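> Let's see this in three dimensions:
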Amino acid sequence: MRGELLDGRYRLEERLGGGGMGEVWAAEDLRMRRPVAVKLVRTVPGTAAAEVEQRFTHEVRSAANLPHQHTVTVHDCGEAVLSGGRLLYLVMERLDGRTLAQVFRGAGSAASAGGAGAAAAVPWYDVADWARQIATALGAAHERGIVHRDIKPQNVMLTGTGVIKVLDFGLAKFLGETLRLADLTATGTAMGTLAYMSPEQCRGDSGIDHRTDLYSLGCLLYEGLTGQPPFTNPAPHALLYQQVYESPPPLAPGTAPAGITDLVMFLLAKHPAHRPPDAATVVRELERHLSAHEKPAAGPAAAPEDAAAREARRHADALRLIQGSPADVLAYMERIRREVEEEGRPIMEAARLESRRIVAEGLADQARRRTP
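From the prediction side, this is the model:
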């Protein structure tokens with residue numbers, strides 16, 4: 001289909017990816033002269049075409065009215081004939097980046113290359129920050145009554161500027177409710193989703209609400225921290241059973257701060273009432289842990305300074321003052337005084353400070369004599 005014109009307006013350029021129900025293409029909007037991404041969805045034989053298109057348009061338009069920094073801007077949607085077949089299409093902004101599925105897969109490769117005991121290639125605080133951005137987008141959608149129903153790493157894009165974009169709002173609901181499950185399973189689309197589906201989705205419950213997205217977010221967080229979703233059985237029926245009945249394996253100590261791992265297990269509760277009440281709660285909890293964390297600088301972390309190392313550093317500072325100025329000596333003395341007060345050291349330490357002060361004053365006298 002490369003080079004074909006969709007609906008007289010969108011020139012298809014390059015296939016970016018595909019799944020069981022369709023493909024995503026890079027394209028050019030000839031009218032607006034801008035790059036776009038086009039998702040092509042194949043219609044299912046035997047369904048009422050007019051009803052399918054009407055529902056598709058309704059769901060996508062409702063999601064398109066969700067202006068948010070972490071959602072994708074939708075430009076257009078409709079139905080067209082392409083390569084002899086009828087397709088539904090969705091036109092959206094073209095993003096520069098990788099899906100979290102690609103990021104996690106790359107992290108797993110890097111960890112494997114490191115051998116046994118290799119550290120995870122994605123730090124916990126990055127995974128937590130991405131989850132915070134996803135939860136922010138979910139909160140905005142849930143407030144408008146929009147439930148995504150297919151949150152998974154493949155539907156989340158990490159742009160080149162580090163901003164998260166959640167894909168397929170509206171489209172996920174359309175695919176889940178309008179197209180036949182048998183067709184999805186036969187083509188393998190459901191296989192990619194089952195690992196992130198909530199127990200109530202797996203059971204086919206009616207009245208599924210926003211908390212299904214929170215469970216899926218928990219699965220995504222779990223994978224980002226450990227390298228794989230909570231349940232990974234390759235047999236679809238066994239995977240469904242695990243999602244509905246089994247508890248996820250606990251996260252290993254040290255995977256992330258205890259508050260983060262507790263939140264993951266909270267999100268993965270089997271019953272919706274036992275999960276966080278809303279996405280805003282998840283955002284606040286993630287922000288609390290992220291604000292308490294200071295990202296380490298590049299390179300190996302410095303070991304904490306023990307008492308012996310601190311004394312050695314102070315002695316070296318005093319020796320360097322021989323070449324210093326009186327102002328340097330006074331600054332040194334003031335810093336030592338503050339350190340003693342902060343450490344709350346006893347009288348003997350104060351006496352040591354006094355002896356150090358005497359030495360410093362002698363050094364200051366030497367420095368004054370050298371000053372013209």
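> all strands of the stretch 1-150 of the chain, in order?
In the stretch 1-150 of the chain, the strands defined using DSSP state E, counting those that start in this stretch lie at 5-6, 10-18, 22-29, 34-42, 74-82, 85-93, 97-99.
> per-residue pLDDT, I146?
The model reports I146 with a pLDDT of 88.
> so what's it up against?
S62, A63, L66, F169, G170, K173 (Cβ atoms under 8 Å, 6 or more residues apart in numbering). (C-beta placed from N, C-alpha, C; glycine too.)
> try 10 Å this time
Contact analysis of I146 by Cβ atoms under 10 Å, 6 or more residues apart in numbering lists 59, 62-63, 65-66, 71, 138, 140, 169-170, 173, 210, 213.
> what's the answer for H210, then?
H210 neighbours (Cβ under 10 Å, 6+ apart): 138-139, 141-143, 145-149, 272, 275, 277-279.
> Restricted to helices, list these.
L138, G139, A141, H142, E143, A279 (DSSP state H).
> Need the pLDDT of L181.
On the pLDDT scale, L181 is placed at 40.
> Where do the helices of the stretch 51-200 of the chain begin and end?
In the stretch 51-200 of the chain, the helices defined using DSSP state H, counting those that start in this stretch lie at 100-113, 124-143, 171-178, 181-187, 189-194, 199-203.
> ok so, going back, put together a markdown table for the strands of the stretch 1-150 of the chain, with mean pLDDT on each row.
Output for the strands of the stretch 1-150 of the chain, formatted as a markdown table (pLDDT from 0 to 100):
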| stretch | mean pLDDT |
| --- | --- |
| strand 5-6 | 94 |
| strand 10-18 | 91 |
| strand 22-29 | 91 |
| strand 34-42 | 91 |
| strand 74-82 | 87 |
| strand 85-93 | 88 |
| strand 97-99 | 93 |
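> Need the ones you listed in a markdown table (columns: distance to A107 and mean neighbour count).
Listed next are these as a markdown table, based on distance: least, Cβ to Cβ, whole Å; neighbours: other Cβ atoms under 10 Å:
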| stretch | distance to A107 | mean neighbour count |
| --- | --- | --- |
| strand 5-6 | 35 | 17 |
| strand 10-18 | 19 | 15 |
| strand 22-29 | 23 | 19 |
| strand 34-42 | 25 | 20 |
| strand 74-82 | 30 | 17 |
| strand 85-93 | 26 | 19 |
| strand 97-99 | 11 | 17 |
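> between these, which one is nearest to L239?
Nearest to L239, of all the strands of the stretch 1-150 of the chain, is strand 97-99, at 21.0 Å by Cβ to Cβ.
> ok, back up a step: ok, of the contacts of H210, which come out buried?
Buried members of the contacts of H210, scored by 16 or more other Cβ atoms under 10 Å, are L138, G139, A141, H142, I146, V147, H148, R149, P272, R275, D278, A279.
> Select, from those residues, the two members most distant in space.
Farthest pair in those, by Cβ to Cβ: I146 and R275, 18.3 Å.
> how far away is the closest residue to E79 other than its chain neighbours from L12?
Leaving aside its chain neighbours, E79 sits nearest to E53 (4.8 Å; criterion: Cβ to Cβ, 6 or more residues apart in numbering). For E53, the distance to L12 (Cβ to Cβ, to the nearest Å) stands at 20 Å.
> what stretches of this structure score poorly on pLDDT?
Under the criterion pLDDT under 70, the flagged ranges of the chain are 19-21, 44-49, 108-121, 175-192, 294-372.
> Domain boundaries for it, per the record?
5-93, 97-291, 307-370 (automatic domain parsing).
> how long is the first one end to end?
Using Cα to Cα, to the nearest Å, the span of domain 5-93 from its first residue to its last is 18 Å.
> now swap in the longest one and tell me
Domain 97-291 has an end-to-end distance of 26 Å (criterion: Cα to Cα).
> Then stretch 89-106?
Distance between the two ends of stretch 89-106: 30 Å, counting by Cα to Cα.
> ok, now stretch 252-266?
16 Å.
> Show me what that stretch is in contact with.
Residues outside stretch 252-266 that contact it (Cβ under 10 Å, 6+ apart): 120, 123-125, 127-128, 131, 214, 217-222, 224-226, 230, 247-248, 250-251, 274-276, 281-282, 285-286, 288-290, 292-293.
> Tell me which of those fall in strands.
Using DSSP state E, no member of these sits in strands.
> List the ones among the residues you listed that fall in helices.
Counting by DSSP H, these contribute 124-125, 127-128, 131, 214, 217-222, 224-226, 281-282, 285-286, 288-290 to helices.
> Correct me if wrong: H142 contacts R149.
No. Judged on Cβ atoms under 10 Å, H142 makes no contact with R149 at a distance of 11.7 Å.
> what do these two both touch?
Both H142 and R149 are in contact with H210, D213, where contact means Cβ under 10 Å, 6+ apart.
> So among the contacts of I146, which ones count as buried?
Buried by 16+ other Cβ under 10 Å: E59, S62, A63, L66, T71, L138, A140, F169, G170, K173, H210, D213, out of those.
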